[in-house]
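S.K.: show me the folded form of this:
(chains A and B)
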Amino acid sequence: MIDIKSLLVIAISAMLTENFVLSRFMGICPFLGVSKKTSTAVGMGMAVTFVMTLAGIATWLIQHYILVQFHLEYMKTIVFIFVIAALVQFVEMALQRFSPALYTALGIYLPLITTNCAVLGAVLLAIDTYNYNLIETIVFNMFAAIGFTIAIILLSGVRERLEEAKIPSFMQGLPIVMISAALISIAFLGFQGLSF
Amino acid sequence: MNIFTKGLIKENPVLVLTLGMCASLATTTSVINGIGMGLSTTVVLICSNAVIAALRKIIPSKVRIASYIVVIAAFVTIVEMLINAFLPSLASSLGVFIPLIVVNCIILARAEAFASKNSIFASVLDGAGMGIGFTLALVLIASVREIIGVGTWCGFKIMSSGYQPATAFILPAGAFLTFGIILAVKNLIESGKEKKND
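M.R.: Residues are numbered from 1 along each chain as shown, chains lettered A, B, ... in the order given. The predicted structure is shown next:
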């Protein structure tokens, strides 16, 4: 029996109260690197959501049907990073073949995802720390990625405005972006009230 | 010697190259955690740089990134097992960030930019310099956050008893704020130096 309430709790906490970027600090590199424009931020968010959901399914199956069966749990870091890298390659080829439009939209972001620690972090948390079952893992990964997408789109909106603002020269570039991220993170603290 | 010292300040991986941000923001809630993370990364960096430099003529360039990741992941697994065995309290406070050393961009960046082109000895020096530079940056960020947010440094009380700790600095928002301000101060110092030179 699938417990809807616990799935809802997992979804809300992965997306908002424990937002991956703003409270767990995973995926900071793409969060800062590809948030200059909203359009690229949306593309990156979609690509991450796609890969993270698939990675959750793939690594859960591998963990429970291969690593646990052969008592190889200590190999998980190596195996998971390899699975993610292979999956990204595979998704890239599949998209190129079956959906050229989506490929041109997401293409350049896909290779970057291999080194996005949110993907490896999410699968390790779901499988190792929280010990979720398959459905919970899928929900956790998908909503964590949606939380990442929300955060990166919010930051890109702020950055588009910042382009026209007068900023002291020593604050230009990364410093002001970090401080904007801090303010967004404070806003997300408000969601703590939702935690169960 | 220059190879070693450039990682400390001039090419500091966190403050100048802004690599490895996830780890440097997430694990700097206390100085002890910062040092633990910095040193674990340093060990992985030195070992992976040495192995990659040793294998640099064997690894085909087409699959080099995948090969680097396997080497790095192997050392991260070793470090993770050692920390779990000998420093369980550090293991529980760093949590998932120990296996995440694999995707720390500093290590892959040094493998690609330095170890794949230089001798083993030079690569070890480069790894040590970059690793210690990373640790220093973490200690700097963690010091600011721990002193303002808790009123202690490395667990010792340094603020007077009347000090009200600003807990926000231990929270995630404080990490972004501290790092932003440190970068701004660094820019300010650099622009001051340029003016002097003009």
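
S.K.: so what's residue 24 closest to, chain neighbours aside?
M.R.: You didn't pick a chain, so chain A it is. A:Glu18 (6.2 Å; C-beta to C-beta, 6 or more residues apart in numbering or on different chains). In short, each C-beta sits where N, CA and C put it, glycine included.

S.K.: let's do chain B instead
M.R.: B:Val14 is the one closest to B:Ser24 (C-beta to C-beta, 6+ apart), at 5.0 Å.

S.K.: surely the one you found is within a strand?
M.R.: No. Checked against DSSP: H, G, I helix; E, B strand; the rest coil, B:Val14 lies outside a strand; its state is coil.

S.K.: okay, it: pLDDT?
M.R.: Here, the pLDDT recorded for B:Val14 equals 83.

S.K.: for the one 4 residues further on, same thing?
M.R.: B:Thr18 carries a pLDDT score of 78 in this model.

S.K.: related to what we said a few turns ago, ok, now which ones touch the residue nearest to B:Ser24?
M.R.: If you count contacts by C-beta atoms under 8 Å, 6 or more residues apart in numbering or on different chains, B:Val14 has them with B:20-21, B:24, B:133-134, B:137-138, B:141.

S.K.: just give the closest residue to the residue of chain B at minimum distance from chain A, not the sequence neighbours.
M.R.: Closest residue of chain B to chain A, C-beta to the nearest C-beta: B:Gly180 (3.1 Å). What sits nearest to B:Gly180 in space, not counting adjacent residues and going by C-beta to C-beta, 6+ apart, is A:Met178, at 3.1 Å.

S.K.: only alpha carbons, please: show the helix or strand in which that neighbour is found as PDB.
M.R.: If you go by DSSP states H and E, A:Met178 is part of helix A:174-189. Provided in PDB are the C-alpha atoms of helix A:174-189 (Å, rounded to 0.1, in the frame of the first residue of the first chain):
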ATOM      1  CA  LEU A 174      30.000  37.000  -7.700                       C
ATOM      2  CA  PRO A 175      29.800  38.900  -4.400                       C
ATOM      3  CA  ILE A 176      26.400  40.500  -5.200                       C
ATOM      4  CA  VAL A 177      25.100  37.200  -6.600                       C
ATOM      5  CA  MET A 178      26.000  35.500  -3.400                       C
ATOM      6  CA  ILE A 179      24.300  38.200  -1.300                       C
ATOM      7  CA  SER A 180      21.100  37.900  -3.500                       C
ATOM      8  CA  ALA A 181      21.300  34.100  -2.900                       C
ATOM      9  CA  ALA A 182      21.500  34.700   0.800                       C
ATOM     10  CA  LEU A 183      18.400  36.800   0.700                       C
ATOM     11  CA  ILE A 184      16.500  34.200  -1.300                       C
ATOM     12  CA  SER A 185      17.700  31.600   1.300                       C
ATOM     13  CA  ILE A 186      16.400  33.800   4.100                       C
ATOM     14  CA  ALA A 187      13.000  33.800   2.300                       C
ATOM     15  CA  PHE A 188      13.100  30.100   2.100                       C
ATOM     16  CA  LEU A 189      13.600  29.900   5.800                       C
END
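
S.K.: list the buried ones in that helix?
M.R.: A:174-182, A:184-186, A:188 (16 or more other C-beta atoms under 10 Å in any protein chain shown).

S.K.: distance to A:Leu154 and pLDDT for those residues - can I get that in a markdown table?
M.R.: Shown next, in a markdown table, are the buried residues of helix A:174-189 (distance: C-beta to C-beta, whole Å; pLDDT from 0 to 100):
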| residue | distance to A:Leu154 | pLDDT |
| --- | --- | --- |
| A:Leu174 | 17 | 85 |
| A:Pro175 | 19 | 88 |
| A:Ile176 | 15 | 90 |
| A:Val177 | 12 | 89 |
| A:Met178 | 14 | 89 |
| A:Ile179 | 14 | 90 |
| A:Ser180 | 9 | 90 |
| A:Ala181 | 9 | 90 |
| A:Ala182 | 13 | 90 |
| A:Ile184 | 6 | 90 |
| A:Ser185 | 10 | 89 |
| A:Ile186 | 12 | 88 |
| A:Phe188 | 9 | 86 |
